[in-house]
Every structure is written in structure tokens, then in C-alpha cells.
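Colleague: here is my input, please return the structure:
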Amino acid sequence: ISIKKKGDFYSKIENHDKINSDLSLHEMADKLGHLLSLSEFPNISTQEHHKGHLESTMHVAVVFCKPLIKDMITIEFERRISILLSQIKKDKLRPDTIAFVGGNDNKNNISGAKAGYIYFRRLCSEAKLDLSGFEFIIEQEVSSFRDNLDNLLVTLEKKYGKEAISRCHFTLISSDYHLIRIAEIFKLSR
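Modeller: Below you'll find the model as predicted:
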């Protein structure tokens, strides 16, 4: 829908011939509301609380890093890291491995993954959170998330074997606008 000025009045002009593949704000709000409704979340028993699933052999938390701006973490990226810390501190999330994925766009001296890892360690130190028992992986080879995830899987397979990875539970940590995409991926590959 576009708005065109006619004298002192505005009129809506709808283009019925062209179908826009982007979701409208209304459609997106409906989808987010549907995803966030309580009926969509599975009940988690205390037995499967830490690993995510009873069959899981390992739990990996994957933090999607944001590109840095002038070698500094953005507010959005800081929020992802602080939420991860908060969930661990409240004992709502207990991954075996925490992976930071995100490369460098060559505009910065450090990758998003490395900066996120350093910032997370700093926050944990200030919060007096013991990080023993956690393993960390920094995947910063490329700046494409798909390639970062592929590299992460290769790293995990080399370390633990293909069988262990097939029974691994992944928690993806990002921002709310990724909910729709992540939910679609989950529906297609439970």
C-alpha cells in the first residue's frame, strides 16, 4: 500500500497486480503473537530441564553474534549475551558448550564471536559466576552464519564424533526478530 497526495487529501493506492513476498507488520505481529502464546511452549519436566531433551548427550548454546561497530559491541548484541548469563545464573539454562558464532567484516580489529566471548567472560566475572564445567567454542572463520554453523558442526564432529552430534540439543540465542525463522526451521527439522 502506498499513499499518494491529492491536493489536501491523501488516498490509498493498492497495487493488486504486484504480490509482495514480505510480511506486513500486521501479519508479522500475528505470527509473533501465535509463537509467543503459552500453548506453543512444551512443558519441560525437571528431569529434562538442563539437557533440553532426555535423549540428548550434550547441550550446546549457540550465540549469534552481531557485527561490531567501530570494534564495539552493539546494544542488541549485549542483550543477547546478558540474557545468556541471566538464564545460566537463574539455572534455567545449563549448556555443556557455549559457542559464539560470527566473523569479522574486515572493518574491525576483532570478530564479533571473539568480542562476544570476551564480554561474556567479563560479565561472568563481575557476576561471580563460576564457568568451570563449560566449554567454549569461538567460530569466527567466515561472516556468513550458515557457514559459521557448518564450521561449528564440523568442529563438534571432530571433537565428539558424528554419533554424539546427532543426539546433541542446540539452544539458539539471538534477537526476537529471528523467532519466526527459527520456528520455521524447527518445524521442518525437529
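
Colleague: residues touching Ala127, list them.
Modeller: Shown in contact with Ala127 (Cβ atoms under 8 Å, 6 or more residues apart in numbering): 85, 89. Glycine gets a C-beta too; all of them are placed from N, C-alpha and C.

Colleague: list phi and psi for it.
Modeller: phi -90, psi 0 (degrees, to the nearest 10).

Colleague: show me the shaky parts of the chain.
Modeller: In the predicted model, the chain carries pLDDT under 70 at residues 1-56, 190.

Colleague: helix, strand, or coil at Ile110?
Modeller: Classification of Ile110 using DSSP: H, G, I helix; E, B strand; the rest coil returns coil.

Colleague: which residues does it contact?
Modeller: Ile110 neighbours (Cβ under 8 Å, 6+ apart): 68, 71, 104.

Colleague: how many residues are close by the first one?
Modeller: If you count neighbours by other Cβ atoms under 10 Å, Leu68 ends up with 22.

Colleague: now do it against Ile110, distance only.
Modeller: Counting by Cβ to Cβ, to the nearest Å, the separation of Leu68 from Ile110 is 7 Å.

Colleague: picking up where we left off before, out of the contacts of Ile110, the closest to Ser82 would be?
Modeller: Using Cβ to Cβ, the shortest approach to Ser82 within these belongs to Leu68, at 16.5 Å.

Colleague: how many neighbours does the residue lying closest to that closest one once chain neighbours are set aside have?
Modeller: In space, and not counting its chain neighbours, Leu68 is closest to Asn108: 4.7 Å by Cβ to Cβ, 6 or more residues apart in numbering. Neighbours of Asn108 under the rule other Cβ under 10 Å: 16.

Colleague: try Lys187
Modeller: So Lys187, with other Cβ under 10 Å, has 8 neighbours.

Colleague: counting by contacts, list what the helix or strand hosting it packs against.
Modeller: Using DSSP states H and E, Lys187 maps to helix 179-188. With contacts taken as 3 or more Cβ pairs under 8 Å, 6 or more residues apart in numbering; DSSP states H and E, helix 179-188 sits against helix 25-36.

Colleague: flag every buried residue along stretch 96-107.
Modeller: 96-104 (16 or more other Cβ atoms under 10 Å).

Colleague: next, the buried residues of stretch 66-75.
Modeller: Quick answer for stretch 66-75 (16+ other Cβ under 10 Å): 66-68, 73.

Colleague: starting at the chain centroid, how far to that stretch?
Modeller: Stretch 66-75 sits 16 Å away from the centroid of its parent chain (Cα atoms, centre = their mean, to the nearest Å).

Colleague: next one: stretch 111-118
Modeller: In terms of Cα atoms, centre = their mean, the centre of stretch 111-118 is found 15 Å from the chain centre.

Colleague: hmm, who's touching that stretch?
Modeller: 63, 65-68, 71, 73, 77, 80-81, 100-104, 136, 138-140, 148.
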